[in-house]
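**Student:** Turn this into a model:
(chains A and B, ligands or ions: 2)
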Amino acid sequence: MKILVCVKRVPAPGARISLTPDSRSIDARHLSFTVSPHEECAVEEAIRLKELHGGTVTVLTLGNAEAEEQLRYAISVGADEADLIAAHEIDIDPQATATALSDRISDLEGGNGPFDLILVGNESADAGGYQVGVRIAHALGRPIINGIKGLKVENQTIEARREIDGGFEIYRLPIPAIVAVKEGINLPRYPTLPGRLRAKKANVRTVDYQHQAGGLTMVSLATPVEQQTATRVLGRGADAAPAVVDLFEELGLL
Amino acid sequence: MTSILIFAGESDELDRQAVSLAASLGPVEVASVGPTKIGGVEKAWQIEHPILSDYAPEAIAESLAQLVGQGMPSAVIAAGTERNNEVMAHLAALLDLPLATNVLTVSAEGDDWHLTRVRWGGSLIEEATLSAFLKLLTVAPHSQPAWEESKAATPEIFEPELAEELGRTRVRERVTVDEGISLTTAPVIVSGGRGVGSAEGFAALEELAGLLGGAVGCSRVVTNNGWRSHRDQVGQTGTRVAPHLYVACGISGAIQHWVGMMAAKNVLAINTDPEAPMVTKADYAVIGDLHEVLPAIISEIRRRQGTM
Ligand SMILES: Cc1cc2nc3c(=O)[nH]c(=O)nc-3n(C[C@H](O)[C@H](O)[C@H](O)COP(=O)(O)OP(=O)(O)OC[C@H]3O[C@@H](n4cnc5c(N)ncnc54)[C@H](O)[C@@H]3O)c2cc1C
Ligand SMILES: Nc1ncnc2c1ncn2[C@@H]1O[C@H](COP(=O)(O)O)[C@@H](O)[C@H]1O
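**Tutor:** Ligands and ions are numbered 1, 2, ... in the order given. You can find the predicted model right below:
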């Protein structure tokens, strides 16, 4: 199976998010970077499918030069090839993102035939647009289903499970297809030492981002106003139990 | 004045919130697959086609595109549920138009709309402009009051022409599992984080949840360690919950966890660290080791119920 995974580099903020003085991005000076948890699981799922069915895993990102770090991470856990569309712009609109990614995917497919499966995250951690994967699917004329927490490939068909309240739904897509996965589909592995060495030496194919059109423009970011709560400390250790049970009674829970 | 088309159909409550936002922008028409209970709007469309007998995002989007071609609304708006975000993404891709998901506010003066929308799962708010002749957006759940009017108009049936191929992404099978009380409806959630220490450590949380008629939740560290199923994870990449009481045991309160439970009416934090964000943001707190505090709470409840 030939599989491609789209990942996006995002900061990994802690308890609070602080913004840059121009309010256009997260102040990431003291932060590390990651890909969205959904995408981390997409990479893991691709590697598991490769281990089952053979084939290759390619990871693709549109981001700044530093986004190489996330591609190398994917290689360290088992991806084979890495592609970067290098951009200077910040916050590229979802339409423009999808155009750049699908154009690059078409180039990579070239005379080699389509990727059997393209995996994306259900939504990016930062922009949360819920749409880049769907737009890629339309551009390439392939089926896509979102929100997937289980995948099986059999006889050129992809069986996908989606969790809903009280159970799950099953979809069956013909290959080639695109699937947007959610965290929980698997538990991602950690890189091994040989994996890290391979990642260090790997070649990241890089092309420059050509500006694309899009109709949603970010103007600025703000942190929501936090309501100030005065915390009522009910006590320390086991001695707090009666006060806690009083509270449960007050709230009508017992 | 051109109308605003609402795509309704998943949750009556959330659909009504979307109608409230739309009603501030123009006359509202509602389209749904199957009947809708929403009233007080200009018109209701009921979309009918055999492919739509179960959820089929591509086919729904194509139906909406055809309906839009007929009525030429100025916007199509839906509640920002997982499914609607998917359907609207298909519609946006079909029409090659921008889509703003999880919108909080809209100011619609002039050709471009200025809006605010949810970022980082709720930890940030983005101010953005949406430029298109037809605006597509989804509304962040619980950001608007619900539209009250229920005297539903007689819907007009709309029968789209759908190619067989659009059924390729339709639900093929449904499987039900008995999962007890679900996180989204539980009145109480007893939730555990890294501080619980192990899968076995959750026994005390299960017991307390049982006594309170609630469900057990957890943080991402817990699912990453394989202590609980991801179905139980609360937060940005897990489930969003809004119980009457959320008991956070050994959870630090990282922003990605907080956005998943900030809609809880009451928060009780049990944590060894009085400076943990979960403690400083909670309504109530107990400072201490959860492995001592939880058993003491459980035996106090049993003592009062006379079942010790
Ligand atoms: C894009 C993105 C999405 C994310 N999505 C989610 C999400 O959906 N849900 C989520 O939960 N996280 C999410 N995270 C992870 C999040 O940032 C935190 O890493 C995580 O929530 C921390 O889990 P925790 O509170 O259990 O662990 P920690 O942060 O390690 O906190 C453990 C807490 O337990 C306390 N403690 C330790 N021992 C005891 C004891 N014996 N008794 C009482 N208290 C004790 C400590 O004082 C501490 O406060 C996401 C991260 C990113 C980057
Ligand atoms: N800049 C990007 N580079 C690579 N993949 C991306 C990028 N932006 C979005 N994606 C993919 O599309 C998914 C959905 O993104 P979004 O529409 O922003 O929620 C993400 O989880 C990624 O898999």
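
**Student:** show me where chain A has strands.
**Tutor:** For chain A, strands defined by DSSP state E occupy the ranges A:2-6, A:9-11, A:33-35, A:56-63, A:81-86, A:117-121, A:144-154, A:157-164, A:167-174, A:177-181, A:204-208, A:216-222, A:232-236.

**Student:** Same list (these) but as CSV, adding mean pLDDT, distance to ligand 1 and mean neighbour count.
**Tutor:** To be clear about C-beta, it is placed using only N, CA and C from the backbone, and glycine gets the same treatment. Output for the strands of chain A, formatted as CSV (pLDDT from 0 to 100; distance: least, CB to the nearest ligand atom, whole Å; neighbours: other CB atoms under 10 Å in any protein chain shown):
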stretch, mean pLDDT, distance to ligand 1, mean neighbour count
strand A:2-6, 98, 16, 25
strand A:9-11, 95, 7, 21
strand A:33-35, 95, 6, 21
strand A:56-63, 98, 15, 24
strand A:81-86, 98, 21, 21
strand A:117-121, 98, 10, 28
strand A:144-154, 97, 14, 21
strand A:157-164, 96, 14, 19
strand A:167-174, 96, 19, 18
strand A:177-181, 98, 15, 27
strand A:204-208, 98, 23, 14
strand A:216-222, 97, 16, 17
strand A:232-236, 97, 12, 16
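
**Student:** mind putting those in a markdown table, distance to residue B:11 included?
**Tutor:** Formatted as a markdown table, those follow (distance: least, CB to CB, whole Å):
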| stretch | distance to residue B:11 |
| --- | --- |
| strand A:2-6 | 30 |
| strand A:9-11 | 29 |
| strand A:33-35 | 31 |
| strand A:56-63 | 34 |
| strand A:81-86 | 38 |
| strand A:117-121 | 24 |
| strand A:144-154 | 16 |
| strand A:157-164 | 12 |
| strand A:167-174 | 17 |
| strand A:177-181 | 21 |
| strand A:204-208 | 43 |
| strand A:216-222 | 25 |
| strand A:232-236 | 34 |
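
**Student:** okay, these in TSV with distance to ligand 2 next?
**Tutor:** Output for these, formatted as TSV (distance: least, CB to the nearest ligand atom, whole Å):
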stretch	distance to ligand 2
strand A:2-6	3
strand A:9-11	8
strand A:33-35	8
strand A:56-63	4
strand A:81-86	7
strand A:117-121	2
strand A:144-154	9
strand A:157-164	16
strand A:167-174	17
strand A:177-181	7
strand A:204-208	13
strand A:216-222	11
strand A:232-236	39
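
**Student:** Tell me which stretches of the stretch 201-308 of chain B form strands.
**Tutor:** B:215-218, B:245-249, B:266-271, B:284-287 (DSSP state E, counting those that start in this stretch).

**Student:** Okay, buried residues for stretch B:144-161 please.
**Tutor:** Residues of stretch B:144-161 classed as buried by neighbour count (16 or more other CB atoms under 10 Å in any protein chain shown): B:144, B:147, B:155, B:158, B:160.

**Student:** interface residues of the stretch 151-300 of chain B facing ligand 1?
**Tutor:** B:193-195, B:219-221, B:233-238, B:250-252, B:254, B:256-257, B:260, B:270-273, B:276, B:289-291 (CB under 6 Å from any ligand atom).

**Student:** if you set the cut-off to 8 Å instead, what comes out?
**Tutor:** B:192-197, B:218-222, B:233-238, B:249-257, B:260, B:270-273, B:276, B:278-279, B:288-291, B:293 (CB under 8 Å from any ligand atom).

**Student:** still on that earlier bit, could you dump the strands of the stretch 201-308 of chain B into CSV with mean neighbour count, distance to chain A and mean pLDDT added?
**Tutor:** Listed next are those as CSV, based on neighbours: other CB atoms under 10 Å in any protein chain shown; distance: least, CB to the nearest CB, whole Å; pLDDT from 0 to 100:
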stretch, mean neighbour count, distance to chain A, mean pLDDT
strand B:215-218, 28, 12, 98
strand B:245-249, 29, 6, 98
strand B:266-271, 25, 6, 98
strand B:284-287, 24, 4, 98
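
**Student:** can you list these in a markdown table and add distance to residue B:166?
**Tutor:** Listed next are the strands of the stretch 201-308 of chain B as a markdown table, based on distance: least, CB to CB, whole Å:
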| stretch | distance to residue B:166 |
| --- | --- |
| strand B:215-218 | 37 |
| strand B:245-249 | 41 |
| strand B:266-271 | 45 |
| strand B:284-287 | 52 |
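
**Student:** Select, out of the ones you listed, the one closest to residue A:72.
**Tutor:** strand B:215-218 (30.8 Å; CB to CB).

**Student:** what separates the closest one from the chain centre, distance-wise?
**Tutor:** Put simply, strand B:215-218 sits 17 Å off its chain's centre (CA atoms, centre = their mean, to the nearest Å).

**Student:** re the thing from before, out of the strands of chain A, which gets nearest to residue B:31?
**Tutor:** Closest among those, using CB to CB: strand A:144-154, at 20.8 Å.

**Student:** so does the closest one get close to chain B?
**Tutor:** Yes - applying CB under 8 Å from any CB of the partner chain, one finds strand A:144-154 touching chain B at A:144-147, A:149.

**Student:** Any figure for the gap between the residue positioned nearest the centre of chain A and ligand 2?
**Tutor:** Chain A has residue A:39 as the residue nearest its centroid, 2.7 Å off, counting by CA atoms, centre = their mean. Distance of residue A:39 to ligand 2, given as CB to the nearest ligand atom, to the nearest Å: 5 Å.

**Student:** give me every residue that touches that residue.
**Tutor:** A:5-8, A:120-121, A:124 (CB atoms under 8 Å, 6 or more residues apart in numbering or on different chains).
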